[in-house]
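1. the sequence isn't on hand, but the structure is:
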């Protein structure tokens, strides 16, 4: 049993391991269903179910489900209104879906023995890259060749034009990495810390004697950190969505 405790403490990253649930191979390509894919699908279903609850027996006096949905709706609407103005109404369905999906991904990951999809850089990077490509397509469709003036501010001396273009291009491309790493790093570090403290409390409890009483200290810290991690989960979903709105506004208005 002590070996199991030792493994429990020494493997705080075990919770992020991607496990194949249903192996599927077609034409030499791996289409296996993993725990990551399963929880992404569950997130989608729970999001739809939660939205349907907010419309069930809707009334002029909102129910708790209506209030919750309207709160997320209003937060997203204000985000779009402040960063995109009236032109952002066209993109509201996408922004709202993105915000809601990330919220549920982060919150479901807080459930014990679940899987945090956003704790993997491959997911956050793929999401950031797809958004980045879509935003650039919108920018080119909106402005045509003038879109590339985004990388060359007005009034720049000709002699430093190549340097400015290089700096602007690099700072523009780095958005993909900063957007993905911010979400991935916050979720991974928070969950790892929770696992380490939980393992520490469990070891003190199983040791017996006086340590059984003192395990309440890391346990109390764990409860406080769970509350903090819940706040971070909601905040990171908000920040990711907010930055998406800002980047979209940049290509629409060529800031």
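-> On my side now, so go ahead. The shown structure was predicted, so the numbers you read here are calculated from the model rather than taken from an experiment.
2. need phi/psi at the residue nearest to residue 20 when sequence neighbours are not counted.
-> Sequence neighbours aside, residue 32 is the residue nearest to residue 20 in space, at 4.8 Å (criterion: Cβ to Cβ, 6 or more residues apart in numbering). Placement of C-beta: from N, CA and C, glycine included. Here the main-chain torsion angles of residue 32 (degrees, to the nearest 10) amount to phi -60, psi 150.
3. you'd agree residue 32 is up against residue 19?
-> No: if you go by Cβ atoms under 8 Å, residue 32 and residue 19 don't touch, sitting 9.9 Å apart.
4. buried set for stretch 69-85?
-> Across stretch 69-85, burial judged by 16 or more other Cβ atoms under 10 Å covers 69, 72, 73, 75, 76, 77, 79, 80, 83, 84.
5. what sits against residue 236?
-> Residues in contact with residue 236 (Cβ atoms under 8 Å, 6 or more residues apart in numbering) are 102, 106, 118, 182, 183, 186, 187.
6. for residue 227, see how far away the second one is.
-> When distance is defined by Cβ to Cβ, to the nearest Å, residue 106 is 14 Å away from residue 227.
7. neighbour count: those two, which is higher?
-> Using other Cβ atoms under 10 Å, the more surrounded residue of residue 106 and residue 227 is residue 106, with 27 against 9.
8. what's the closest non-adjacent residue to the more buried one?
-> Nearest one to residue 106, counting by Cβ to Cβ, 6+ apart, is residue 233 at 3.5 Å.
9. what helix or strand is the one you found on?
-> Assigning secondary structure by DSSP states H and E places residue 233 in helix 216-253.
10. so residue 32 and residue 19 - more neighbours on which side?
-> Using other Cβ under 10 Å, the more surrounded residue of residue 32 and residue 19 is residue 32, with 14 against 10.
11. one step back: I'd like to know how many residues surround the residue nearest to residue 106.
-> 25.
12. give the contact list for residue 197.
-> 218, 221, 222, 225.
13. show the buried residues in these.
-> Taking 16+ other Cβ under 10 Å as the criterion, what is buried in the contacts of residue 197 is 218, 222, 225.
14. excluding its backbone neighbours, what's nearest the second one?
-> Spatial nearest neighbour of residue 222, excluding adjacent residues (Cβ to Cβ, 6+ apart): residue 197 at 4.9 Å.
15. so that neighbour sits in a helix?
-> Yes: judged by DSSP: H, G, I helix; E, B strand; the rest coil, residue 197 forms part of a helix.
16. so how far is residue 99 from it?
-> For residue 197 relative to residue 99 (Cβ to Cβ), the value is 30 Å.
17. could you do residue 150 as well?
-> 26 Å.
18. name the residue in the two with the higher neighbour count.
-> Applying other Cβ under 10 Å to residue 150 and residue 99 shows that residue 99 carries more neighbours, namely 23 against 18.
19. leaving out chain neighbours, which residue sits closest to that one?
-> residue 241 (4.2 Å).
20. I'd say the one you found and residue 95 touch.
-> Yes: when contacts are counted by Cβ under 8 Å, residue 241 is listed as touching residue 95 (6.2 Å).
21. for the chain, which segments count as helices?
-> Here the chain has its helices, by DSSP state H, at 2-10, 35-55, 64-83, 92-108, 121-143, 161-207, 211-214, 216-253.
22. lovely, talk soon.
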